[in-house]
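K.L.:
Requesting a structural model of the entry that follows:
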Amino acid sequence: MTKNILLLLLPLLVSCNNGEQSPYEIAYSGEIDKKYELCFSDCFKLDTTIDISAVGFVDFNNSNILYADVTTGKLNIFDTTGKFQRSVLGYGRSRREIPTTEITNFGVSDSTYLIFSDLAYYIYDSTFSMINNGYVKTMVRETSSGDVRGNNPMIYTWAQRNRGVKLMDGKIFSASSLRRIDIINEKDKYFGEGYTVLKIDIENSQPENLIGKYSSGYLKNHWKAFGGCTFDFDSQNNMYLSFEADSLVYKLDKAFNNISTYGNSGVNMNVNYRELSPSDNLYDDITTERETKGYYEKIRVLKGGEMVVRVYRRGDADMANDGLQIYRDNVLMCDATIPKGFSLAGNDGKSLYLYKMDEDNQTVSIVKAIIIETK
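P.N.:
All right, here's what the predicted structure looks like:
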């Protein structure tokens, strides 16, 4: 059924969307050169001959689709057609297992696999043998006045689930939250001083640097339900950073200085964000905001480093699709329509792989897309 539904959508997904840009963009509309189209070439479910819980993390490496199953701790490996290859890891106490009971984040960097369980992390090599592990050290360091400042890396805790973790040059980079300052009652301090990415030394588990200070739009508008970020690195170790409610992409060099800022608002996004206040229903209010409003969901640098791809949610429940942007040399080359709820797993140099998990039916659907040059 899923495959049939997706196939019906394919004629709608061939070309770039030329709709109106959102009026709520916080900075500017960047340069546009609609040079590419996104054509969907295949859609399938991951092999259902094995049991998967559809609660987990999807990534892509070495022409394989990776699925880290939260229920079993298994890392299931599939080929690019969705056919099951093998399972590794799983919860347990050997060096080829995960010594915990829950995966809260997962990432892969050059055949090195990084798994988080809250603040505990486990690193595995290409043979899936554990080569390092630790527990991120956090505490509250107070100034003489008793204030806790947002520029203190020791007060950033709890890596954001499914927002991305990367391993590079002996350091972990994790999208993290500023938990010791209240996002509701201390919003000026939270967004004025807060950062979004934590750099951690894997040898001593010490947080050592903060990256990704909130953009000015957050301080002005207090987008409390959309304080997350997503990031990736290119082959030169430059970081590409995108915030959930900010239309811009920030390129940082190896010293994490901002060397380029560009971007365009997604098409037909509902960004009429509410001003949230403390209440008994605050958690429900935040959940409703995230289910009904648009935001930028994931950014990836494509294999080769020439293109940057960003997936965004359009928001409205009656909206049947979401969007995907393709940038090259800071210029928007394509803003395409994709099926609603799909996210970006990765690419193999030829195709993009998008995925969606269906917890009710315990399946993971994959859509394969090819970027075509039109000029």
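
K.L.:
Flag the shaky bits of the chain, pLDDT-wise.
P.N.:
Residue ranges of the chain with pLDDT under 70: 1-32, 139-148, 157-163, 184, 280, 304, 375.

K.L.:
report the longest helix in this structure, please.
P.N.:
helix 282-292 (DSSP state H).

K.L.:
Identify each buried residue in that helix, please.
P.N.:
Buried residues in helix 282-292, counting neighbours by 16 or more other Cβ atoms under 10 Å, are found at D285, I286, E289. For every residue, glycine as well, the C-beta is placed using N, CA and C.

K.L.:
How far off centre is that helix?
P.N.:
Using Cα atoms, centre = their mean, to the nearest Å, the mean C-alpha position of helix 282-292 is found 19 Å from that of the whole chain.

K.L.:
And stretch 166-183, by the same measure?
P.N.:
13 Å.

K.L.:
right, and R179 touches M154 too?
P.N.:
No - using Cβ atoms under 8 Å, R179 is not in contact with M154; the gap is 11.3 Å.

K.L.:
which one of the two has more residues nearby?
P.N.:
M154 (17 against 13; other Cβ atoms under 10 Å).

K.L.:
sorry, back to before: just give me the closest of the buried residues of helix 282-292 to I172.
P.N.:
The closest of these to I172 turns out to be I286 (Cβ to Cβ; 27.0 Å).

K.L.:
how close does that closest one get to K293?
P.N.:
11 Å (Cβ to Cβ, to the nearest Å).

K.L.:
cool, and D51?
P.N.:
From D51 to K293 the distance is 35 Å (Cβ to Cβ).

K.L.:
re the thing from before, intersection of neighbour lists for R179 and M154?
P.N.:
Taking Cβ atoms under 8 Å, 6 or more residues apart in numbering as the contact rule, R179 and M154 touch no residue in common.

K.L.:
Show me which of D51 and K293 is the more surrounded one.
P.N.:
K293 (22 against 11).

K.L.:
Assign the closest residue to the more buried one other than its chain neighbours to helix, strand or coil.
P.N.:
Distance criterion Cβ to Cβ, 6 or more residues apart in numbering; nearest residue to K293, sequence neighbours excluded, is G315 at 4.5 Å. Of the three states, G315 takes coil under DSSP: H, G, I helix; E, B strand; the rest coil.

K.L.:
What separation do you get for G315 and L344?
P.N.:
Relative to L344, and taking Cβ to Cβ, G315 is found at 18 Å.

K.L.:
do the same with A245
P.N.:
19 Å.

K.L.:
in the stretch 1-150 of the chain, which spans are helices?
P.N.:
Counting by DSSP state H, counting those that start in this stretch, the stretch 1-150 of the chain has helices at residues 2-9.

K.L.:
overlap in contacts of I286 and K293?
P.N.:
By Cβ under 8 Å, 6+ apart, I286 and K293 have these common neighbours: A225.

K.L.:
How many residues are close by T71?
P.N.:
T71 has 15 neighbours, counted by other Cβ under 10 Å.

K.L.:
helix or strand right after the longest helix of the chain?
P.N.:
Using DSSP states H and E, the helix or strand that follows helix 282-292 in sequence is strand 295-301.

K.L.:
For that following strand, enumerate the helices and strands it packs against.
P.N.:
When contacts are defined as 3 or more Cβ pairs under 8 Å, 6 or more residues apart in numbering; DSSP states H and E, strand 295-301 packs onto strand 229-233, strand 239-243, strand 307-313, strand 343-347.

K.L.:
First-to-last residue distance for stretch 255-264?
P.N.:
Distance between the two ends of stretch 255-264: 26 Å, counting by Cα to Cα, to the nearest Å.

K.L.:
hmm, I was thinking of stretch 325-339
P.N.:
Start-to-end, stretch 325-339 (Cα to Cα) is 14 Å.

K.L.:
Could you give me the buried positions within it?
P.N.:
Across stretch 325-339, burial judged by 16+ other Cβ under 10 Å covers Q325, I326, Y327, R328, L332, M333, C334, D335, A336, T337, I338, P339.

K.L.:
What of stretch 92-102?
P.N.:
Buried positions in stretch 92-102, judged by neighbour count with 16+ other Cβ under 10 Å: E97, I98, T100.

K.L.:
What of stretch 297-306?
P.N.:
Under the neighbour-count criterion of 16+ other Cβ under 10 Å, stretch 297-306 has E297, K298, I299, R300, V301, L302 buried.
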